[in-house]
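J.: sharing a sequence plus its predicted fold:
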Amino acid sequence: MFAKIKYTILLLGAQAFLAFDLLASGESHGEHLVPSVMDLKWPAINFSILFIFILVKIKKPLKSFFDQNKIDVESLFKHAAEKDKDAQMKLDMYREKLKHLPDHSKKMNEEAKTDLLKFEHDLKEQTYAQVEKIKKENKNRTENEKKLLLNKLGAELFDQVVTKAKDKISKDANLKTSISKNLIQKAK
């Protein structure tokens, strides 16, 4: 559509240029006349008719084109206004946060200190409880090992005493007979 308009305007421009060129050279319909403004009357009428015809033909598409641009620009302005409103709300919110930032920072530091003290206290209690548990386990283990070693030592000592007594009895015949007599008397 716009290409047709361009070509028409170009054609009209060329016709006007030709008319001025003919007037300037003094040749109008084969005659040597003095140029006059009236010589441009018919080309101007032709141009006016053609311009009015083109204007009537492209009025509706141009109107719809400009109406669509108007709608697009209005929606763009509405969108920009909404974005501006959102940005202003965020800016106000951030300013409010910045205003309370020192108080918030102080509160967070106090909470961190409180949490740290609680953690240290809990850690001390857990460590103390684990140390006490380990002490009890070590004490019980030590006592059990002591009992086991004493039992083992007692058994070994008993075995050694029995072995030495057997050796002594087996070597001494008098002792053997006297022990046998003693055992028989006790058994009766």
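T.: Structure's in. What do you need? Numbering: from 1, shown residues only.

J.: going forward, measure contacts and count neighbours with C-alpha atoms only.
T.: Noted.

J.: all the helices of the protein, residue numbers only.
T.: 2-25, 41-99, 101-171, 173-187 (DSSP state H).

J.: put together JSON lines for those, with mean neighbour count on each row.
T.: Putting those into JSON lines (neighbours: other C-alpha atoms under 10 Å) gives the following:
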{"stretch": "helix 2-25", "mean neighbour count": "13"}
{"stretch": "helix 41-99", "mean neighbour count": "12"}
{"stretch": "helix 101-171", "mean neighbour count": "12"}
{"stretch": "helix 173-187", "mean neighbour count": "11"}
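
J.: turn those helices into TSV, including mean pLDDT.
T.: Written out in TSV, the entries for these read as follows (pLDDT from 0 to 100):
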stretch	mean pLDDT
helix 2-25	68
helix 41-99	90
helix 101-171	88
helix 173-187	74
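
J.: tell me how far residue 160 lies from residue 150.
T.: Separation of residue 160 from residue 150 (C-alpha to C-alpha, to the nearest Å) stands at 15 Å.

J.: can you check residue 72 too?
T.: Taking C-alpha to C-alpha as the measure, residue 72 and residue 150 are separated by 102 Å.

J.: same question, residue 71
T.: Using C-alpha to C-alpha, one gets 104 Å for the distance from residue 71 to residue 150.

J.: and for residue 3?
T.: Relative to residue 150, residue 3 is positioned 118 Å away (C-alpha to C-alpha).

J.: same deal with residue 43?
T.: When residue 43 is compared with residue 150 (using C-alpha to C-alpha), they lie 139 Å apart.
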